[in-house]
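>>> Here's a sequence, model it:
(one chain, ligands or ions: 2)
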Amino acid sequence: MTALLRAEDLWKSFDDRAVLQGVSVELAAHEVVAVIGASGSGKSTLLRCLSLLEPIDDGRILLGDDDISDPRVDANRVRSRFGVVFQSYNLFPHMSVLDNVTLASRVVRKEAKKDAEARALLLLDRVGLADKAREHPDRLSGGQQQRAAIVRAIATDPEVLLLDEITSALDPELVGEVLELVRQLAEDGATILMATHEMAFARDVAHRVVFLDGGRIVEQGPPAELFGAPREARTREFLARFT
Ligand code: ADP
Ligand code: MG
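Numbers count the residues shown, from 1 in each chain. Ligands and ions are numbered 1, 2, ... in the order given. Coordinates of the predicted model:
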């Protein structure tokens, strides 16, 4: 496998707490990888470190041919190669959905407003949000907001999408519409690393599942193997909570 994104032996501490303890993970182009693990296991920290939202203490991160963990890189430029969606509070509340979606294209890519908006409207239309383009986020349901946040994340054609428990804050009846959009992106060939507690979805959509426990990868493999026949006791214990 030639990796599009490759993290080698990542270490990260907050104060004296080692949150990532030698995590190595790879993501091939068009691959969908789900990161599962208990709350506090380091999933968000891993995603934040990969996208340079958080500095690592040690290790190496390669994106394509570039060592993006090199302190000399232009971090803002690297960040724009990732599309990131968090659990909540993704959209700027004081801007319309359309302005949210086009902001990065206009500011980072210096794209003309007219072009950025035309493309954004196409994307919003694709996810059924064309009629919300001029609304502020607080006029949208949580599910619509997360779909808009995903549209914003993909509007700049990022190389990798990092999704951090994007359905965890949603009312249960709104989870499906957001996961359906992720499924579509996966089918369209997006490269996705997602932290999730949606085991059924991970089983269904991910090509590979990584189980993180205490800042270490305990086990990883195809979903049928990891969910169907986990090798490690800790994986079995963790998965038992979801059945
Ligand atoms: P997960 O996403 O799997 O729930 P996190 O990566 O959010 O786990 O957190 C892992 C550990 O790191 C937790 O103990 C958390 O309290 C700690 N942590 C995360 N971010 C920070 C931070 N900015 N400052 C201090 N501790 C943090
Ligand atoms: Mg988290």
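
>>> quick one, strands of the chain?
3-14, 17-28, 32-36, 58-63, 66-67, 82-85, 160-164, 192-195, 208-213, 216-221 (DSSP state E).

>>> Put together CSV for these, with mean neighbour count, mean pLDDT and distance to ligand 2 on each row.
In this view, the C-beta of every residue, glycine as well, is placed from N, C-alpha and C. Formatted as CSV, the strands of the chain follow (neighbours: other C-beta atoms under 10 Å; pLDDT from 0 to 100; distance: least, C-beta to the ion, whole Å):
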stretch, mean neighbour count, mean pLDDT, distance to ligand 2
strand 3-14, 18, 98, 13
strand 17-28, 18, 97, 11
strand 32-36, 26, 98, 9
strand 58-63, 18, 98, 19
strand 66-67, 13, 96, 26
strand 82-85, 23, 96, 12
strand 160-164, 23, 98, 6
strand 192-195, 25, 98, 6
strand 208-213, 23, 98, 10
strand 216-221, 18, 98, 16
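
>>> Tabulate those strands (TSV), appending distance to L140.
Shown next, in TSV, are the strands of the chain (distance: least, C-beta to C-beta, whole Å):
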stretch	distance to L140
strand 3-14	31
strand 17-28	30
strand 32-36	26
strand 58-63	32
strand 66-67	36
strand 82-85	15
strand 160-164	18
strand 192-195	22
strand 208-213	31
strand 216-221	35
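
>>> Leaving out sequence neighbours, find the closest residue to the residue of the chain found nearest ligand 2.
Here the residue of the chain nearest ligand 2 is S44; by C-beta to the ion that distance is 3.2 Å. In space, S44 comes closest to D164 once its chain neighbours are excluded; the distance is 5.4 Å by C-beta to C-beta, 6 or more residues apart in numbering.

>>> which bits of this protein sit near ligand 1?
With C-beta under 6 Å from any ligand atom as the criterion, the chain meets ligand 1 at residues F14, V19, G37, S39, G40, S41, G42, K43, S44, T45.

>>> which one of these has the most neighbours?
With neighbours taken as other C-beta atoms under 10 Å, the top of the residues of the chain next to ligand 1 is G42, carrying 25 neighbours.

>>> Show the model's pLDDT score for that one.
G42 is assigned a pLDDT of 98 by the prediction.

>>> which phi and psi does the spatially closest residue to it that is not a sequence neighbour have?
Distances taken as C-beta to C-beta, 6+ apart place G215 nearest to G42, at 4.3 Å, with adjacent residues excluded. Main-chain torsions, G215, degrees, to the nearest 10: phi 80, psi 10.

>>> What's opposite G221 in the beta bridge?
On the basis of DSSP bridges, G221 takes part in beta bridges with V209.

>>> If you could redo that for A3, that was the one I meant.
Going by DSSP bridges, A3 forms beta bridges with A28.

>>> Could I get the contacting residues of it?
E26, L27, A28, L62 (C-beta atoms under 8 Å, 6 or more residues apart in numbering).

>>> Give the buried residues for the lengthiest helix in the chain.
For the chain, the longest helix by residue count, based on DSSP state H, is helix 172-187. Neighbour-count burial for helix 172-187 flags L174, V175, E177, V178, L179, L181, V182, L185, A186 (criterion: 16 or more other C-beta atoms under 10 Å).

>>> Packing partners of that helix?
Using 3 or more C-beta pairs under 8 Å, 6 or more residues apart in numbering; DSSP states H and E, the elements in contact with helix 172-187 are helix 142-154, strand 192-195, helix 199-205.

>>> Just name the most buried of the ones you listed.
The highest average neighbour count among the helices and strands packed on helix 172-187, using mean count of other C-beta atoms under 10 Å, belongs to strand 192-195 at a mean of 25.

>>> That one pairs with which strands?
According to DSSP bridges, strand 192-195 forms sheet pairs with strand 32-36 (parallel), strand 160-164 (parallel).

>>> who wins for proximity to L50 among these?
Closest to L50 of these is strand 160-164 (C-beta to C-beta; 6.6 Å).
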